[in-house]
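Chemist: coordinates for the following, if possible.
(chains A and B)
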Number of protein chains: 2
Amino acid sequence: MEGLAKFPPRPTGAGEMFQLFRNGAPRTRASLVAETGQSRSTVAARIDALRSVGLLAPAGEATSTGGRPPSTFAFDPASRLALGVDLGATHARIAVTDLAGEPITQIDEPLAIADGPDRVLTWVAETGSKLVTQAGRRMDELAGVGIGLPGPVDHSTGRPVNPPIMPGWGGADVPAELYARLGAPVMVDNDVNIMALGEHRTMAPDVDDLLFVKVATGIGAGVIMDGHLRRGAQGAAGDLGHVTVPGAGDIPCRCGNSGCLEAVAGGGAIVARLRDAGAEVETTQDIVDLVRSGDVAAGQAVRQAGRDIGSVLAASVSLLNPARIVVGGILAGAGEHLMAGIREVVYQRSLPLATRDLRITPSEAGAQAGVVGAATLVIEQYLAPSSVDTLIAAKEDS
Amino acid sequence: MEGLAKFPPRPTGAGEMFQLFRNGAPRTRASLVAETGQSRSTVAARIDALRSVGLLAPAGEATSTGGRPPSTFAFDPASRLALGVDLGATHARIAVTDLAGEPITQIDEPLAIADGPDRVLTWVAETGSKLVTQAGRRMDELAGVGIGLPGPVDHSTGRPVNPPIMPGWGGADVPAELYARLGAPVMVDNDVNIMALGEHRTMAPDVDDLLFVKVATGIGAGVIMDGHLRRGAQGAAGDLGHVTVPGAGDIPCRCGNSGCLEAVAGGGAIVARLRDAGAEVETTQDIVDLVRSGDVAAGQAVRQAGRDIGSVLAASVSLLNPARIVVGGILAGAGEHLMAGIREVVYQRSLPLATRDLRITPSEAGAQAGVVGAATLVIEQYLAPSSVDTLIAAKEDS
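Modeler: The predicted structure follows:
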């Protein structure tokens, strides 16, 4: 008969069964038979396969109704490692995590992204290897490397695209360069997406619709809808820095347009404004320090930046209807001034339905959000059903 | 052992197996055994269950390698019906579709939403029943009713929330009212979401990230990311009408703010502007007719509205990075003036990465998008695995 589709047999189904273990709860063979509707022999074979690659481990014995108590099995997150890398404009953080995204060991050092891909990626590889060794583990236990860069990344290739503050990085094949140095699969995303992922997974896993906004020298956002990071067609979703601020006037932006959010309310813009008024500030961190010292002009400047950010976030609230906006980045450290400015305009400019249950809060995951999110990128891919099946097939062939 | 989760057995798994048939391709028992890894007896039982509720039907015989040719089965979309209802401010369209969303019969009539829920929903029920009878079918063959309303809808309850152009509808229990009249499950969404759904399913099912914008008396959008409609926390995602237009000044809006997109570029705003200039226009359709007649001032006004809409869409492009923006609604009928204005500003105000492959096109599904999308709401729910399993369990109990 024409039109009858032919189907390859599904590899083993073990990868899909493994997903049931992801929440950490242990299971017996009998509970899996009940849960999946598959035969006892199939379930036993899949458990054996998952144990052979280390993803499942014995987890004690369940209560028996008589006779020998049944064995239980659980996800073993310690079986492999992930390397999470968070590169900012002037500093870098690397963490070795287990497969649950829990950091085992980490390091935070000054590093200029402007040193270019060769020097920076060499440093990443050397430091990452050192951390794995410090954790008492081997490089071949690495499930992969997740890395966040401070600029737009084409999600399909992992290459930076016209990154404004990353001279020399445009089009660099980051996945290939790091793979050559570390021998593990590499996933690249922009720093804001990995922060959003880290914040969501660690602090708000039950919030399905969340907008994470990073306010620092640059301004950007990570969009989580229906529980997953949404990247859009080229991985550029959440790129709020060059959205026009209503009423901001003709402040020129380095992108060639004027009135862009980053040119109006980014760290550089606030520094310039405070310097014009005679303050001694050079970096975004200086602004935070000045606000914390009680400087009135600095507090007012940050609050106004909050209002300008709020006017763009109000549009985002109308478009996305998030339940939560989380504000992170260096300037979020300037206390309530930034948050107050943001809240003032978002609640004023949004429709009642969209703000009825909206909460706007400062980041809680803090500096670790980036590395945890970067590791999560890798873990989600490594533990997906098809990857697990591939892992098992490779083990059987060896 | 403590912490061991207990699991109820999965109902039958037939609902999940049915999903394999959703693309329309026929299958044999043997191909399903290969595809699912389940035993021949399990597969046979599931096929019988799906046939018992009419979702599968014999589809001829497959080519045999010898002996009796195996039976093939395929999804039978004619087994049940869906009612898709698209209510606008001044007109209504109702279609009876099959379970593939194909309209069988439909009607389009003037109807004032301002007549209130009682009169309008009575009309919907009477007209829907009449259409089902005209199609030669029975009301108990109705899988459900999908309905789009011209205002914000709380997705969890199906009730309109402060709908500005729907006097008397605020908080109305539309699902209960229609269920009482029609005896079938009812799903409610706003008109723009159902248009987005209809446009996506019929014209661009392969585009994962799509923004549908309706430009009429009101302005709103439907957000599709990663292949699915995203509604946000309260179902209010895409509500662009009250986003501030940069540079629009102090034009007051009925929402209490000023400079809102709808107050600047909606049909009512253009009508007011053209009347001030001496033109004889009253409705949004009048604007379209005037533009089509070659009136220069009307063409310019629509192009400027396009620019204002474009400035809000540029922010949306930065936030969502869609691969396609589809422009529908009455004003999209004003030819290239609206599209040209939108494109001009979106391409000027967005970053290169986000617009590299972006296409901005007029709606192709046209007037049918709404009813097809409304029917799709119901069909997606009716054919979901758990619903199919419930259907089978009810059949077995009867």
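
Chemist: helices along chain A, start to end?
Modeler: Applying DSSP state H to chain A gives helices spanning A:14-19, A:29-36, A:40-52, A:117-134, A:174-182, A:191-203, A:261-265, A:267-276, A:284-292, A:296-320, A:336-349, A:352-355, A:369-382, A:385-397.

Chemist: which residues touch the one residue in the stretch 251-398 of chain A that gets nearest to chain B?
Modeler: In the stretch 251-398 of chain A, the residue found nearest to chain B is residue A:321; the distance is 2.6 Å by CB to the nearest CB. For the C-beta atoms, the positions are set from N, CA and C on the backbone; glycine is no exception. Residues in contact with residue A:321 (CB atoms under 8 Å, 6 or more residues apart in numbering or on different chains) are A:209, A:353-354, B:231-237, B:239.

Chemist: for those, which one is nearest residue A:73?
Modeler: residue A:209 (34.4 Å; CB to CB).

Chemist: so that closest one sits right up against residue A:223, yeah?
Modeler: No: Residue A:209 is beyond contact range of residue A:223, at 9.1 Å (criterion: CB atoms under 8 Å).

Chemist: pLDDT weak spots in chain A?
Modeler: Applying pLDDT under 70 to chain A flags the ranges A:1-12, A:61-65.

Chemist: pop the domain breakdown of it in here.
Modeler: As given by automatic domain parsing, the domain ranges for chain A are A:14-78, A:80-184+A:370-397, A:205-364.

Chemist: and residue B:106, which of the ones you listed is closest to it?
Modeler: Residue B:106 lies closest, by CB to CB, to one member of those: domain A:205-364, at 30.7 Å.

Chemist: is it possible to export the helices of chain A to JSON lines including mean neighbour count?
Modeler: Formatted as JSON lines, the helices of chain A follow (neighbours: other CB atoms under 10 Å in any protein chain shown):
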{"stretch": "helix A:14-19", "mean neighbour count": "21"}
{"stretch": "helix A:29-36", "mean neighbour count": "18"}
{"stretch": "helix A:40-52", "mean neighbour count": "17"}
{"stretch": "helix A:117-134", "mean neighbour count": "18"}
{"stretch": "helix A:174-182", "mean neighbour count": "18"}
{"stretch": "helix A:191-203", "mean neighbour count": "27"}
{"stretch": "helix A:261-265", "mean neighbour count": "26"}
{"stretch": "helix A:267-276", "mean neighbour count": "18"}
{"stretch": "helix A:284-292", "mean neighbour count": "20"}
{"stretch": "helix A:296-320", "mean neighbour count": "24"}
{"stretch": "helix A:336-349", "mean neighbour count": "20"}
{"stretch": "helix A:352-355", "mean neighbour count": "20"}
{"stretch": "helix A:369-382", "mean neighbour count": "27"}
{"stretch": "helix A:385-397", "mean neighbour count": "15"}
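
Chemist: more crowded one of residue A:209 and residue A:223?
Modeler: Taking other CB atoms under 10 Å in any protein chain shown, residue A:209 and residue A:223 do not tie; residue A:223 has more neighbours (28 against 21).

Chemist: can you pull the contacts of residue A:105?
Modeler: Contacts here follow CB under 8 Å, 6+ apart; on that basis residue A:105 touches A:95-96, A:131, A:134-135.

Chemist: may I ask which two of those residues are separated the most?
Modeler: The distance between the two most remote of the contacts of residue A:105 (CB to CB) is 11.6 Å, for A:95 and A:134.

Chemist: residue B:283 is nearest to which of the domains of chain A?
Modeler: Shortest distance between residue B:283 and those, using CB to CB, is found for domain A:205-364: 25.1 Å.

Chemist: in stretch A:92-107, what's buried?
Modeler: Neighbour-count burial for stretch A:92-107, with 16 or more other CB atoms under 10 Å in any protein chain shown as criterion, is recorded at A:92-101, A:103-106.

Chemist: can you give me the end-to-end span of it?
Modeler: Across stretch A:92-107, the terminal residues are separated by 8 Å (CA to CA, to the nearest Å).

Chemist: next one: it to chain centre, how far?
Modeler: Mean-position distance between stretch A:92-107 and its chain equals 13 Å (CA atoms, centre = their mean, to the nearest Å).

Chemist: can you show me the CA trace of stretch A:323-332 as CSV?
Modeler: Backbone C-alpha positions of stretch A:323-332 (Å, rounded to 0.1, in the frame of the first residue of the first chain) are rendered in CSV as follows:
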residue,chain,number,x,y,z
ALA,A,323,4.4,35.6,36.8
ARG,A,324,7.8,36.8,38.0
ILE,A,325,10.4,39.3,36.9
VAL,A,326,13.8,38.6,38.5
VAL,A,327,16.4,41.4,38.4
GLY,A,328,20.0,40.4,38.5
GLY,A,329,23.4,41.8,37.4
ILE,A,330,25.7,44.2,39.2
LEU,A,331,23.3,47.1,39.5
ALA,A,332,20.8,44.9,41.2
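
Chemist: how about the residues of the stretch 251-398 of chain A near chain B?
Modeler: Residues of the stretch 251-398 of chain A lying close to chain B (CB under 8 Å from any CB of the partner chain) are A:255, A:257, A:259, A:311-312, A:314-316, A:318-323, A:348-354, A:356-358.
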